[in-house]
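Participant: Got a predicted model here, sequence first, then my questions.
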Amino acid sequence: MKFGFDIDDTLINLREYAFHIYNKNLKQNVPIDIFHEIKKVEIHEAFGLTDEQGSTMWNSSLEEIYFTACPPYPGAVETLQELDVQGHEIYYITARASEHGERTKKWLMEQGFPVTEGHFFCGMKDQEKVKIIQALQLDYYFDDKPDVLDTLSSDSLKVYVKNQSYNQHLKIPRITEWSQLKEIISS
Ligand SMILES: [Mg+2]
């Protein structure tokens with residue numbers, strides 16, 4: 001079968017990692033409970049930043065956020081390795097800008113994620129992911145973002161939302177832990 005995955009906040013804990021980086025670089029100490037209550041994808045308001053300051057902060061921290069030690073979610077690497085060994089096809093579909101594509105691919109491989117040549121797509125807008133997902137004729141697709149998930153519906157594609165504080169309103173099947181994937185595909 002063909003499995004498609006978003007990367008940030010689906011396979012790896014990017015926002016929480018960025019939250020720690022913001023605390024460090026802004027010399028603040030915003031508690032992690034605040035992070036878990038944020039109801040939107042962006043994290044800057046917790047640090048008292050305006051949208052504009054938030055986007056400057058994100059862009060200036062991007063190198064550190066993307067390419068240092070962001071942890072994959074527990075079981076994510078192992079689960080995808082297992083799918084790969086079982087002969088399934090794994091695709092990555094990320095809205096990260098094209099200029100970060102090659103390094104993101106390399107970073108994923110360094111973490112142990114199985115990356116096959118030609119199975120990595122980046123640089124599209126959230127709303128454009130749907131075109132790639134349809135063209136690939138995926139069996140399963142996993143993402144965290146309401147903006148992406150709202151655009152997806154098809155009889156043959158099974159879409160799952162990776163559980164996050166800002167997507168609780170979505171009424172589609174949900175995955176909280178990557179260890180659940182085995183049950184999902186066997187059911
Ligand atoms: Mg994401």
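Facilitator: Received it, and whenever you're ready, just let me know what you need.

Participant: quick one: D143 and Q164 touch, right?
Facilitator: No: D143 is beyond contact range of Q164, at 10.2 Å (criterion: C-beta atoms under 8 Å). The C-beta positions use only the backbone N, C-alpha and C, and glycine is treated the same way.

Participant: Neighbour count: those two, which is higher?
Facilitator: With neighbours defined as other C-beta atoms under 10 Å, D143 and Q164 compare such that D143 has more, 27 against 20.

Participant: domain ranges for this structure?
Facilitator: 2-11+71-186, 14-67 (automatic domain parsing).

Participant: most neighbours per residue, which of those domains?
Facilitator: domain 2-11+71-186 (a mean of 16; mean count of other C-beta atoms under 10 Å).

Participant: Just the endpoints, please. Distance across that domain?
Facilitator: 14 Å (C-alpha to C-alpha, to the nearest Å).

Participant: Check the gap between K171 and K158 for me.
Facilitator: Distance of K171 to K158, computed by C-beta to C-beta, to the nearest Å: 15 Å.

Participant: Next: F121.
Facilitator: Applying C-beta to C-beta to F121 and K158 gives a distance of 19 Å.

Participant: now swap in E45 and tell me
Facilitator: 34 Å.

Participant: Next: I132.
Facilitator: Counting by C-beta to C-beta, the gap from I132 to K158 is 17 Å.

Participant: got it, and T10?
Facilitator: Applying C-beta to C-beta to T10 and K158 gives a distance of 15 Å.

Participant: What is the distance between the lowest-mean-pLDDT helix or strand in the chain and the centre of its chain?
Facilitator: Every helix and strand of the chain was ranked by mean pLDDT, DSSP states H and E. The lowest is helix 146-149, at a mean of 87. Its chain's average C-alpha position is 12 Å from that of helix 146-149, according to C-alpha atoms, centre = their mean, to the nearest Å.

Participant: For the chain, which residues are neighbours of the ion?
Facilitator: With C-beta under 5 Å from the ion as the criterion, the chain meets the ion at residues D6, D8, D9, T10, D144.
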